[in-house]
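*Asks:* What follows is a protein structure lacking sequence information:
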């Protein structure tokens, strides 16, 4: 027992104490800053996220590969990781966009959401044809470092025990029925969270004939969380903002 206590004291607290203000490494590509005068070819973007006339980057399509930044001085990625929005249109960044203003206004907090889900939120994650990148990052949200469970947010095994679903992947034909079946199994009221470029826009697979994204035309989306893959800090902070924590 004493050896266990000594080890615990030696290791200290391994979780990130202040998750909302946690530092991000400089190499991380997050919120883009755009400047007028872009002269690069927008076809350099593999997903069509970059538009040059007028200049804009759609974070819902962006894989944050950095190809546009390397080709043009008018594009610069910061390490700002709070990218979540309740409005799909707000994911489009222009030269007039400001990170601090975006963080303050991108997530609209509703009293009803805070009342129902503010103290406990259970989510069922559905990999709808994903590459396992976002799925691995979501798994990391519950590890000892990020410890998402301390905020009352957990992933559960059954949709019948969930308050909403988190969708990753571009939604393939083979997963379309399973996704809808999962959604219908979640009791009301329920949330739909799109996690990653593939889920939000189809990502690099957007033109594939093997996709069936009709689900997104049928049911409302509550939260858009950009990334490729989504960083745990992006996901946790986005959900915390939405439920008023």
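*Replies:* Thanks, I have the structure now. What you see is a predicted model; the values in this text were computed from it and never measured.
*Asks:* Just after the helix or strand of the chain with the lowest mean pLDDT, pick out the following helix or strand.
*Replies:* In the chain, no helix or strand scores lower on mean pLDDT, DSSP states H and E than helix 2-11, which sits at a mean of 69. Beyond helix 2-11 on the C-terminal side, the first helix or strand identified by DSSP states H and E is strand 32-34.
*Asks:* Give me the helices and strands touching that following strand, please.
*Replies:* strand 55-58, strand 75-77 (3 or more C-beta pairs under 8 Å, 6 or more residues apart in numbering; DSSP states H and E). For the C-beta atoms, the positions are set from N, CA and C on the backbone; glycine is no exception.
*Asks:* Now do the last one, average pLDDT.
*Replies:* Rounded to a whole number, the mean pLDDT of strand 75-77 is 94.
*Asks:* The chain should start at 16 in everything you say after this.
*Replies:* That works, and once the first residue is 16, the last one we named lands at strand 90-92.
*Asks:* if we look at it, which residues are touching it?
*Replies:* With C-beta atoms under 8 Å, 6 or more residues apart in numbering as the contact definition, strand 90-92 has outside contacts at 44-50, 53, 55, 65, 72, 79, 81, 83-84.
*Asks:* Now a PyMOL select for only the buried ones of the residues you listed.
*Replies:* A single PyMOL command selects the buried members of the contacts of strand 90-92 (16 or more other C-beta atoms under 10 Å):
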select buried, resi 44+45+46+47+48+49+53+55+65+72+79+83+84
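*Asks:* Any regions of the chain where pLDDT drops low?
*Replies:* 22-28 (pLDDT under 70).
*Asks:* what are the phi and psi angles of the residue lying closest to residue 86 once chain neighbours are set aside?
*Replies:* Spatially, and ignoring its direct neighbours in sequence, residue 86 is nearest to residue 55 (4.3 Å; C-beta to C-beta, 6 or more residues apart in numbering). Dihedral pair for residue 55: phi -80, psi 160, per degrees, to the nearest 10.
*Asks:* which strands and helices sit next to the strand ranked longest in the chain?
*Replies:* The residue-count maximum for a strand in the chain (DSSP state E) belongs to strand 136-142. Other helices and strands packing on strand 136-142, by 3+ C-beta pairs under 8 Å, 6+ apart, are helix 148-155, strand 168-170, strand 179-183, helix 188-200.
*Asks:* Show me what the last one is packed against.
*Replies:* Which is helix 188-200. Packed against helix 188-200 by the contact rule (3+ C-beta pairs under 8 Å, 6+ apart) you find strand 136-142, strand 179-183, helix 230-233.
*Asks:* tell me how far the last one is from the chain's mean position?
*Replies:* Relative to the chain's own centre, helix 230-233 is displaced by 19 Å; criterion: C-alpha atoms, centre = their mean, to the nearest Å.
*Asks:* and the gap between residue 209 and residue 243?
*Replies:* 13 Å (C-beta to C-beta, to the nearest Å).
*Asks:* So which of those two has more stuff around it?
*Replies:* residue 209 (24 against 20; other C-beta atoms under 10 Å).
*Asks:* Could you tell me how far the residue nearest to that one when sequence neighbours are not counted is located from residue 158?
*Replies:* Of all residues not flanking residue 209 in the chain, residue 215 sits nearest, at 4.8 Å (C-beta to C-beta, 6+ apart). For residue 215, the distance to residue 158 (C-beta to C-beta) stands at 25 Å.
*Asks:* Give me the more crowded residue out of these two.
*Replies:* The neighbour comparison of residue 215 against residue 158 (other C-beta under 10 Å) goes to residue 215, with 26 against 12.
*Asks:* residues touching the more buried one, list them.
*Replies:* Each residue near residue 215 by C-beta under 8 Å, 6+ apart is listed here: 75-76, 103, 106, 209, 239, 241.
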